[in-house]
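Enquirer: coordinates for the following, if possible.
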Amino acid sequence: MISEAKALNNSTPVKVIDGVNYEQEIYLHNEHGSAIYLGGSDVTSGTGYELSNNGAVTMKIPQDNELYAITSSGTGNLHVVRPD
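Expert: You can find the predicted model right below:
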């Protein structure tokens, strides 16, 4: 397992998960202080899946798909646990 913190901001989506040739199950935990939004490379606070402050979610990322995140305000961390 790999555990890492991704530094996010409210202006540019940050790649959280690279696309690989198999489905990935990942665990995400928001320690930003406000909502984080998850989605594709064009994710915004209006279009993404909302992960609330201190919220956690387990997601399955389909083969060859990437996951991006952006904050609703300021900067902060998204903690990611994924297979290696």
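Enquirer: most distant residue from the centre of this structure?
Expert: What lies farthest from the middle of the chain is Asn21; by C-alpha atoms, centre = their mean that is 19.1 Å.
Enquirer: residues in contact with that one?
Expert: Gln63, Asp64 (C-beta atoms under 8 Å, 6 or more residues apart in numbering). All C-beta atoms are positioned from the backbone trio N, CA, C, and that covers glycine.
Enquirer: which helix or which strand is home to it?
Expert: Following DSSP states H and E, there is no helix or strand that holds Asn21.
Enquirer: count of residues packed around the closest residue to Asp18 other than its chain neighbours?
Expert: Computed as C-beta to C-beta, 6 or more residues apart in numbering, the closest residue to Asp18 that is not its neighbour in sequence is Glu66, at 6.1 Å. When neighbours are defined as other C-beta atoms under 10 Å, Glu66 has 13 of them.
Enquirer: next one: Leu51
Expert: Other residues close to Leu51 by other C-beta under 10 Å number 20.
Enquirer: residues in contact with the helix-or-strand element of the chain with minimal mean pLDDT: which ones?
Expert: Least confident helix or strand, the chain: strand 2-8 with a mean of 90, by mean pLDDT, DSSP states H and E. The contact list for strand 2-8 (C-beta under 8 Å, 6+ apart) reads 14, 16, 31-32, 36, 69-71, 75-84.
Enquirer: okay, the angle between the host helix or strand of Leu28 and strand 2-8?
Expert: For Leu28, the host element (DSSP H and E) is strand 24-30. Relative orientation of strand 24-30 versus strand 2-8 (axes from the mean of the first three to the mean of the last three C-alpha atoms, to 10 degrees): 50 degrees.
Enquirer: ok, the residue lying closest to Ser52 once chain neighbours are set aside to Lys6 distance?
Expert: Using C-beta to C-beta, 6+ apart and skipping the chain neighbours, the partner closest in space to Ser52 is Ala35 (5.5 Å). Per C-beta to C-beta, to the nearest Å, Ala35 is found 15 Å from Lys6.
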